[in-house]
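[1] I would like to see how this sequence folds:
(one chain, ligands or ions: 1)
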Amino acid sequence: MATDLRGSGVAGCVRMATGLRVRSASRYSAGPVAHSADDRVICVIGAGYVGLVTAAGLAEAGREVRVVEIDPGRRAAVAAGRSPIHEPGLDGLLAESVGAGRLRAVAGMEAGVEGAGIVVIAVGTPPTPEGEADLSQVHAAVDEAVRHAAPGTVVAMKSTVPPGTTRSLARRSRREDVAFVMFPEFLREGSALEDVRHPSRVVVGGEDPEAVRRVAALADGVDAERVLCDSVSAELIKYGSNAFLATKISFINEMAQLCELTGGDIGSVATGMGLDPRIGRSFLNAGLGWGGSCFPKDVRALETSAGYHGQSFWLLKAAIEVNSQQRRRFTGKLIRGLGGVVEGRRIAILGLAFKPFTDDLRQAPAIDVIRHLEDLGAEVVATDPVALDGARPLLQRTRLVVDGYEAVAGADAVGLVTEWPEYRGLDWARVLELMRGRLVVDGRNCLDGEAIVRLGGIYASMGRRPLGGPASAAGAAEPSLSAEGIPSLPLG
Ligand SMILES: NC(=O)c1ccc[n+]([C@@H]2O[C@H](COP(=O)([O-])OP(=O)(O)OC[C@H]3O[C@@H](n4cnc5c(N)ncnc54)[C@H](O)[C@@H]3O)[C@@H](O)[C@H]2O)c1
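    Sure, this is the predicted structure:
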């Protein structure tokens, strides 16, 4: 018999997909789980970007939160009320929650899970070399958690997992008195606390309506629409959201390339397009493309997952290809701007983290760009306000410096990769004085190119005409008219 969550008595604004019916709970668990565990006590497994921010948010909302983390360094930091990751506001909130005894780092799984009503899984799901989501951390964490879980515990998956995983975890657990739900996370690194306090939506998916209701109740008092659904839909909402946003960025990057080939300006194009409320301006910024811990792996995992089910998700294949091209296009502008040879040339890279306000270097475009330039013989000096420590093991050939001015001193070219306000706010007259060359390639279209040119620089960006040097010097080739008056499109 199918169970409909509309009958589950979930309070608040519940948005249901039309005609959504949730499969019988008995197929995945023994039916609604008896509610004997204490939902005031929450165990969060994994103290990374998601787990730690979730834990801090729940503690702030008055829950008793235990954090289980296998990395001793991260665990010790949390125990001391310090954040082991860079996330604005998190240090202060952790100090307060730990000080008030609402949040504790516990030594082992048993101490964390015992008696907790809800166990939140927030461990990593990195990509395998084949592009699938590697579920080994999830399996290890869930296997151990269910061994210690009290009857009635709900395991809430915040880790991003492929469609069908939550159901398969329920089967794998062999615990009929433990329920599993998918509780996807949509926070953005850099504004994660704000996103947890004011989420765009609360999505909870599961086959046991009571378990779904209990997990949704974690967001009581939060002013956001609820989407309560089955676990597969919740998994797909998470992947679909990231894949759609990534595709939107790849689309505007393709448009940027076409602007370069035809003489258009991607800034004007994006503004004009984005004013259509059906399109919207966000995620229409042309640049070096997407990186980070989520978009690259989630887009690939969704594409791979579709393939596993016999579907070729062509749109995602194209979005991935465009994204990797974009890094090469940026590197190409530096190389062409330096006359086609970078061997022995010094290039300064501003920004290493995949975006500002985070120290996350996973799939960061800067890493690819720097390795490529170094493979070609360039000497790279790079800087970032917060990501230098994490970058050291990844960039062993690169000279990493704290100060932006030190990075650009003696450089033949400067490439801006991450749009940190620190770099937008550099004194560009001083930068150009310190540099040996004059080329500035702005991979995020965030600098005042005209000002740089007035100061004597050559400025190239993504999807806009280069300024200040021979038009073809730094990448964007001028469109030229063929004898027939048809624009001849130089190879990009
Ligand atoms: N980072 C984001 O912006 C973001 C946003 C939404 C969703 N997600 C998803 O959330 C999940 C976690 O991402 P993250 O960025 O927080 O990862 P992360 O790597 O920063 O954190 C994961 C943490 O889990 C710990 N861990 C692993 N196995 C453990 C175990 N058995 N017991 C205890 N701790 C364990 C690791 O040591 C690590 O500290 C991923 O699936 C990711 O896709 C991430």
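[2] Who are the packing partners of the longest helix along the chain?
    The single longest helix within the chain, with elements called by DSSP state H, is helix 231-262. Under the contact definition 3 or more C-beta pairs under 8 Å, 6 or more residues apart in numbering; DSSP states H and E, helix 231-262 sits against helix 165-173, strand 179-182, strand 201-206, strand 225-229, helix 266-274, helix 295-308, helix 314-337. Placement of C-beta: from N, CA and C, glycine included.
[3] Which among the ones you listed is found nearest to P356?
    helix 295-308 (15.7 Å; C-beta to C-beta).
[4] Report whether the closest one contacts the ligand.
    No - with C-beta under 6 Å from any ligand atom as the criterion, the ligand is not reached by helix 295-308; the gap is at least 6.5 Å.
[5] now what about that helix, what contacts it?
    For helix 295-308, the external contacting residues (C-beta atoms under 8 Å, 6 or more residues apart in numbering) are 125-127, 130-133, 160, 162-163, 238-240, 242-243, 245-247, 290, 312-313, 316-317, 319-320, 323, 363.
[6] and these near the ligand, which?
    Checking these against the ligand (C-beta under 6 Å from any ligand atom), the matches are 125, 160.
[7] Kindly supply the PyMOL command isolating those of the contacts of helix 295-308 that are buried.
    PyMOL command restricting these to the buried ones, with burial defined by 16 or more other C-beta atoms under 10 Å:
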select buried, resi 125+127+131+132+133+160+162+163+238+239+242+243+245+246+247+290+313+316+319+320+323+363
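[8] Could you pick out the longest strand of this protein?
    strand 38-45 (DSSP state E).
[9] can you pull the buried residues of that one?
    Result for strand 38-45 [16+ other C-beta under 10 Å]: buried residues 39, 41-45.
[10] ok, that strand: who's next to it in the sheet?
    strand 64-68 (parallel), strand 116-121 (parallel) (DSSP bridges).
[11] Reformat those as TSV; add distance to the ligand, mean neighbour count and mean pLDDT.
    Rendered in TSV, the data for the strands paired with strand 38-45 read as follows (distance: least, C-beta to the nearest ligand atom, whole Å; neighbours: other C-beta atoms under 10 Å; pLDDT from 0 to 100):
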stretch	distance to the ligand	mean neighbour count	mean pLDDT
strand 64-68	5	24	98
strand 116-121	8	27	98
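[12] Can you name the residue of the stretch 351-492 of the chain nearest the ligand?
    Going by C-beta to the nearest ligand atom, the ligand is nearest to D360 of the stretch 351-492 of the chain, at 6.9 Å.
[13] Backbone torsions only: list them for that residue.
    phi -70, psi 120 (degrees, to the nearest 10).
[14] any idea how far it is from G377?
    If you measure D360 against G377 using C-beta to C-beta, to the nearest Å, the figure is 29 Å.
[15] Tell me which of these two has more neighbours.
    D360 (25 against 11; other C-beta atoms under 10 Å).
[16] ok, that one touching Y49?
    Yes - using C-beta atoms under 8 Å, D360 makes contact with Y49 at a distance of 7.1 Å.
[17] which residues do those two both contact?
    Contact criterion C-beta under 8 Å, 6+ apart; residues shared by D360 and Y49: 85, 189, 293.
[18] Excluding chain neighbours, give the residue nearest to the last one in space.
    Excluding its sequence neighbours, the residue lying closest to S293 (C-beta to C-beta, 6 or more residues apart in numbering) is R362, at 4.1 Å.
[19] Kindly report the residues of the stretch 301-450 of the chain close to the ligand.
    Counting by C-beta under 6 Å from any ligand atom, no residue of the stretch 301-450 of the chain sits close to the ligand.
[20] Show me this structure divided up by domain.
    13-229, 239-492 (automatic domain parsing).
[21] Quick one: mean pLDDT for the longest one?
    In this model, domain 239-492 carries a mean pLDDT of 91.
[22] Measure how far that domain is from the centre of its chain, please.
    Counting by C-alpha atoms, centre = their mean, to the nearest Å, domain 239-492 is centred 17 Å from the centre of its parent chain.
[23] could we number from 637 for the rest of this?
    Sure, I'll start counting at 637 from here, so that last one is domain 875-1128.
[24] Report the contact partners of the closest residue to the ligand within the chain.
    Of all residues in the chain, G684 sits closest to the ligand, at 1.8 Å by C-beta to the nearest ligand atom. Contacts for G684 (C-beta under 8 Å, 6+ apart) come out as 710, 721, 758-760.
[25] Could I get the phi/psi values of it?
    Residue torsions, per degrees, to the nearest 10, at G684 are phi -100, psi -160.
[26] What score does it have for pLDDT?
    So, for G684, pLDDT stands at 95.
[27] in stretch 975-986, what's buried?
    With burial defined by 16+ other C-beta under 10 Å, the residues of stretch 975-986 counted as buried are 978, 981-986.
[28] try stretch 726-746
    Buried residues in stretch 726-746 (16+ other C-beta under 10 Å): 726-727, 729-730, 733-734, 738-742, 745.
[29] So which of the buried residues of stretch 975-986 are in strands?
    Short answer: the buried residues of stretch 975-986 in strands (DSSP E) are 982-986.
[30] returning to that earlier point: so which of the buried residues of strand 674-681 is the closest to H775?
    Using C-beta to C-beta, the buried residues of strand 674-681 come closest to H775 at I681, 12.2 Å.
[31] pretty sure the closest one contacts M745?
    Yes - because the distance of 7.5 Å satisfies C-beta under 8 Å, I681 is recorded as touching M745.
[32] Mutual contacts of those two, please.
    704, 777, 781.
[33] and the two most separated of the buried residues of stretch 726-746?
    That would be D727 and M745, which, of these, are the farthest apart (C-beta to C-beta) at 26.0 Å.
[34] Would you mark the buried spots in stretch 1014-1031?
    1014-1024, 1026-1027, 1031.
[35] Same list (the residues you listed) but as TSV, adding distance to V1077 and secondary structure.
    Listed next are these as TSV, based on distance: C-beta to C-beta, whole Å; DSSP: H, G, I helix; E, B strand; the rest coil:
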residue	distance to V1077	secondary structure
A1014	13	coil
E1015	16	strand
V1016	13	strand
V1017	15	strand
A1018	14	strand
T1019	16	strand
D1020	17	coil
P1021	20	coil
V1022	23	coil
A1023	20	coil
L1024	21	helix
G1026	24	helix
A1027	20	helix
L1031	19	coil
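[36] Just give me the closest of the residues you listed to T1054.
    When the buried residues of stretch 1014-1031 are compared against T1054 (criterion: C-beta to C-beta), the nearest one is D1020, at 6.8 Å.
[37] Before I go, just wanted to say thanks for your time.
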